[in-house]
Each structure stands twice: as C-alpha cells, then as structure tokens.
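*Asks:* Requesting a structural model of the entry that follows:
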Amino acid sequence: MSLSELPPQPHRRWNPLTREWILVSPHRALRPWQGQVENVPRPAGVAYDPACYLCPGNARAGGVKNPNYAATFVFDNDFAALQPGVPEWDLRDGELLRAVGESGTCRVVCFSPQHDLTLARMPVAEIARVVDVWTEQFLELGGLPGINSVQIFENRGEMMGSSNPHPHGQIWANHSLPGELVKECGAQGDYFSAHSSTLLTDYLRLEQRRAERLVCSNEHFTVLVPFWAVWPFETLLIGHRAVSGLDELTAEERVALADILHQITVRYDNLFRTPFPYTMGFHQRPTDGADHRAFQLHAHFYPPLLRSATVKKFMVGYELLAMPQRDITPETAARLLRELPDRHYLAG
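*Replies:* Modelled structure (predicted):
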C-alpha cells in the first residue's frame, strides 16, 4: 500500500514541523451529528462606523483618539497582554513550581480605514501595503533589545474571538520564544542538519509532485492543505524561495504574497458564502541573533468551520486529552477549496 492508496479507515499522520501525530477518521464523516449550529455572520455593512473604536477619528476603548488615517494604521494595544520593561525575575519552589517575568510589546495593525473590508475584499495593492507594514514592524520590533520573537497574526470573526469586524490584526513581540516556534525551530533545524535543505522547501516539492493537496499558487507562493492538517480547512502558505522572514522577500515577492493571501481568503469566503472565520499567522525566524538558516518563513490558516457557515469544529474530549483528530481528509478539503472560483461571491 502507498500513501496514494490510503484506505477510509482510522490512521495517524505525522506532522514533521511540530513532531506530533494527528488521528484521521474519515469513516466518521457518515455519523449523524454534524457539529454545532451558529448564527450566520454577516459582512459589516458600512464603510465607517461611528461606534467602532478602530475607525479613523474615533476614540478607542482606552480613550485615545485615532488619527484620520487613510491607509494602514499601527498602534500599541491599549490592553496589551505583554508590557515592556518587566524585570527579569525567576521564582521557584523546588522543581515543580516556577514563574519568570516576561516582557514584550503588543501592537494592533488596522489593514484599512474602511470598516466593511476584509483581506478577501481588499485590492491586492492594498494588501501589499499591509505586507509592507508587517515587514517594517517585524524589523522594528525584532530589533528592540530583549525581543526574541515577533508573532504577526489575525483573528477574523467572532467565532475566533475577534471583538471588532474592522479589518485588523495583531503583533505580539516576546522576550521568550513561544512554544510553537520552539517546536518548529527544533524540527527544521534537525532536518536541515540531516539533509542540508529546508524542511518546507522539500515538503513543497513533494506536494507539487503529488498535486493532491494543492489549493492555489502564483509565481512565488503556494497554499496547500498540509498532509497533517488538524482543522477541517486548515491551510499552509509556503514560499517557493526559502527565506527566514518577511524582511528577506523582494518587492515582487511581497506583492505576490499579497496576491496569494487574497486568493486563499476569497476561496474561504466562497466555500460557504460567508465571511469565513480563521486565525492566520506567520512563523518567522526568532530575532535573538542566532543562526536560523534552517528556518523557512510560512503562514498557517486555522479556520473552525466544519461543513457550513453554521457548523463549527470543536477541540474537546479526546482531542484535549490525547491528540488532535479530524474526519474530513486533507485531500477532500483541498479539492473543495481548489475548485472554488477566485472571484469573491459578493463581487457580483
């Protein structure tokens, strides 16, 4: 039996990026329960909302008034999870109890002044400006003393905890390396040492040969459903050239990144004809000054929807206590996304 002949039976798949397993149970797609039904989210209906704390000219929750910005707008989060200048303390009680001080900075990036837009409905040229801002922020924050990790991400939709539909994302810059980054650094570093090539470059070439899980691509980037995907319509964005951070992309590649972000987010919206919720984020090299030639820039999309705009995937029970599990195979998810048009369903 080969991987092209996987039977519709329970099996585990290996995630080489995190070195963890996932349980795949394709036969469960036939069971009666189809997930929780949610209210269908509606697109924001106005370009400017006087009650929105992210719109130009409005006061934010902390009382600071936004400037009348005309493009992207970046500000320090008024209720940041991380704060600069926290002392480096380390408190312990034996080997089992330990707490350490953690400093950092949290910022918000408004993608556009227009309240009713999303990445899926923004022109590629405007998304390219967002990519430029992400790059500038990565360099600025990563260059600060004591900042060793810069996490750029977007939570889209109420289902993913976003409290405001205005198009925006966040940047958290940490002193320490977050757990997911530690796992990926270790896996990619070991792979590079063994093969003298980056893990994700070799993985992308494998997927391009097989063409089972590809979703969309352009000259410089490909989006695919990873073989080890956990979420029903999870995708992985990989560059065709191995770079370790946004700052190493050429101007042409940054525009191509904007284009591929537009392509995948349009397909997500078209899948269930709804503003598709997701958490999206870039994984880049740590900014600790060490040698990270093995690390390759990439982005993850983690969407919670299962079978429709109203059916949500849960991570409970066995998944919280043992390992992640999915029913829809990555191959099926990729085919459904791949076959969708790249024109937004609201574009007419």
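*Asks:* doesn't residue 159 fall inside a helix?
*Replies:* Yes. Note on residue 159: a helix contains this position according to DSSP: H, G, I helix; E, B strand; the rest coil.
*Asks:* Correct me if wrong: residue 181 contacts residue 286.
*Replies:* Yes. Residue 181 lies in contact with residue 286 (Cβ atoms under 8 Å); the separation is 6.6 Å. Glycine gets a C-beta too; all of them are placed from N, C-alpha and C.
*Asks:* list the residues that contact both of those two?
*Replies:* Residues touching both residue 181 and residue 286 by Cβ atoms under 8 Å, 6 or more residues apart in numbering: residue 149.
*Asks:* Does residue 319 touch residue 325 like I think?
*Replies:* Yes. Between residue 319 and residue 325 there is a contact at 5.5 Å, judged by Cβ under 8 Å.
*Asks:* following the helix or strand bottoming out on mean pLDDT in the chain, which helix or strand comes up?
*Replies:* Ranked by mean pLDDT, DSSP states H and E, the weakest helix or strand in the chain is strand 36-37, scoring a mean of 48. Remark: after strand 36-37, the chain's next helix or strand is strand 73-76, criterion DSSP states H and E.
*Asks:* For that following strand, name the packing helices and strands.
*Replies:* If you count contacts as 3 or more Cβ pairs under 8 Å, 6 or more residues apart in numbering; DSSP states H and E, strand 73-76 packs onto strand 104-110.
*Asks:* for the protein, what's the longest helix?
*Replies:* Longest helix in the chain by number of residues (criterion: DSSP state H): helix 251-272.
*Asks:* any idea which helix or strand comes after that one?
*Replies:* strand 278-283.
*Asks:* And whatever helix or strand comes next after that next one, how far out from the chain middle?
*Replies:* Next helix or strand after strand 278-283 toward the C-terminus (DSSP H and E): strand 298-302. When C-alpha coordinates are averaged (Cα atoms, centre = their mean, to the nearest Å), strand 298-302 and its chain have centres 4 Å apart.
*Asks:* Show me what the longest helix of the chain is packed against.
*Replies:* helix 124-142, strand 214-217, strand 221-224, strand 235-239, strand 305-308, helix 330-338.
*Asks:* Can you list the buried residues in it?
*Replies:* Neighbour counts over helix 251-272 (16 or more other Cβ atoms under 10 Å) mark 253-272 as buried.
*Asks:* pLDDT below threshold where in the stretch 201-348 of the chain?
*Replies:* For the stretch 201-348 of the chain, no stretch has pLDDT under 70.
*Asks:* if I look at the residue nearest to residue 125 when sequence neighbours are not counted, how far off is residue 45?
*Replies:* Closest residue to residue 125 apart from its sequence neighbours, by Cβ to Cβ, 6 or more residues apart in numbering: residue 258 at 7.6 Å. In this structure, residue 258 and residue 45 are 25 Å apart, going by Cβ to Cβ, to the nearest Å.
*Asks:* picking that back up, contacting residues around the residue nearest to residue 125?
*Replies:* 124-125, 127-128, 130-131 are the contacts of residue 258 under Cβ under 8 Å, 6+ apart.
*Asks:* mind running it again at 6 Å?
*Replies:* 124, 127-128, 131 (Cβ atoms under 6 Å, 6 or more residues apart in numbering).
*Asks:* Out of those, which is nearest to residue 190?
*Replies:* Closest approach to residue 190 among these (Cβ to Cβ): residue 131, at 30.1 Å.
*Asks:* What score does that closest one have for pLDDT?
*Replies:* What the model reports as pLDDT for residue 131 is 98.
*Asks:* any idea which element residue 88 lies in?
*Replies:* With DSSP H and E as criterion, residue 88 is part of no helix or strand.
*Asks:* ditto for residue 192
*Replies:* Residue-wise, residue 192 maps onto helix 179-195 under DSSP H and E.
*Asks:* Buried residues, that helix. List them.
*Replies:* In helix 179-195, counting by 16+ other Cβ under 10 Å, buried: 181, 183-185, 187-189, 191-192.
*Asks:* wait, which of the contacts of residue 258 is closest to residue 140?
*Replies:* residue 131 (15.0 Å).
*Asks:* first vs last residue of stretch 16-26, how far apart are they?
*Replies:* Stretch 16-26 has an end-to-end distance of 21 Å (criterion: Cα to Cα, to the nearest Å).
*Asks:* Same check on stretch 325-333?
*Replies:* 15 Å.
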